[in-house]
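Chemist: build me a model:
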Amino acid sequence: TVLLLGFGAIGQRLAEMLAPFHMNLVAVRRQPQPHPHVLTIAEADLPAYLATADHLVSTLPESPSTQHFVNAERLALLKPGAFFYNVGRGTTVDQSALLGTLASGRLSAAYLDVTTPEPIDPNDPLRLRDNCLILPHIGSATEDARNQMATMAAENLISAIDGKPMPFGVTQ
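Modeler: As a prediction, the model looks like this:
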């Protein structure tokens, strides 16, 4: 069972990528809506599903309501031996609570593409854990994503040279 915290664009794409593995997919949404391949639940139902999760994946954005969403209380409810992944924002995880849960053995491992702060301090205790892999916020660095970024940069450059507004998020 994979429990997705957040079911926006990233969570939905992840669900598509996991579909061939025939896993039980559950996603937490502010407003659950029916989905053909993923059970969507409200945050109020989260505690019951944490106990069934083999994998907990956070794709949550940063907001006041998601600050330390993954906290000691929720980590304590996880199925023993579960794996945790954060590909959303570092502020959504209480890293001290995560460290304690990893040290206790309740979590098998954590895989973090994002931390607070970024980059994480070289002496941070999470970096010293054998069961914690930390990436430098490069989880989206697929070949397709890099090609799309290069195309957008080229289109921005051409527009700038032509004296036109840049189409991709650059203000002058």
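
Chemist: mind checking what secondary structure L3 has?
Modeler: strand (DSSP: H, G, I helix; E, B strand; the rest coil).

Chemist: which helix runs longest in the chain?
Modeler: Ranked by residue count and defined by DSSP state H, the top helix of the chain is helix 143-161.

Chemist: tell me the average confidence for that helix?
Modeler: The average pLDDT within helix 143-161 is 83.

Chemist: next, the contact list for the residue nearest to A42 when sequence neighbours are not counted, please.
Modeler: Leaving aside its sequence neighbours, A42 sits nearest to P32 (C-beta to C-beta, 6 or more residues apart in numbering; 5.3 Å). C-betas here are computed from N, CA, C, even on glycine. The contact partners of P32, by C-beta atoms under 8 Å, 6 or more residues apart in numbering, come to 40-42.

Chemist: ChimeraX command for the buried members of the residues you listed?
Modeler: Of the contacts of P32, the buried ones go into a single ChimeraX selection, burial set by 16 or more other C-beta atoms under 10 Å:
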select :40,41
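
Chemist: please tell me how far the residue nearest to A42 sits from Y85.
Modeler: In this view, P32 and Y85 are 21 Å apart by C-beta to C-beta, to the nearest Å.

Chemist: and for P34?
Modeler: Counting by C-beta to C-beta - P34 and Y85 are separated by 25 Å.

Chemist: can you pull out the strands in the chain?
Modeler: With DSSP state E, the ranges of strands along the chain come out as 2-5, 25-28, 39-41, 55-58, 82-86, 107-112, 132-134.

Chemist: columns distance to V93 on top of those strands, output as CSV?
Modeler: CSV is the format used below for these (distance: least, C-beta to C-beta, whole Å):
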stretch, distance to V93
strand 2-5, 10
strand 25-28, 15
strand 39-41, 20
strand 55-58, 7
strand 82-86, 5
strand 107-112, 8
strand 132-134, 12
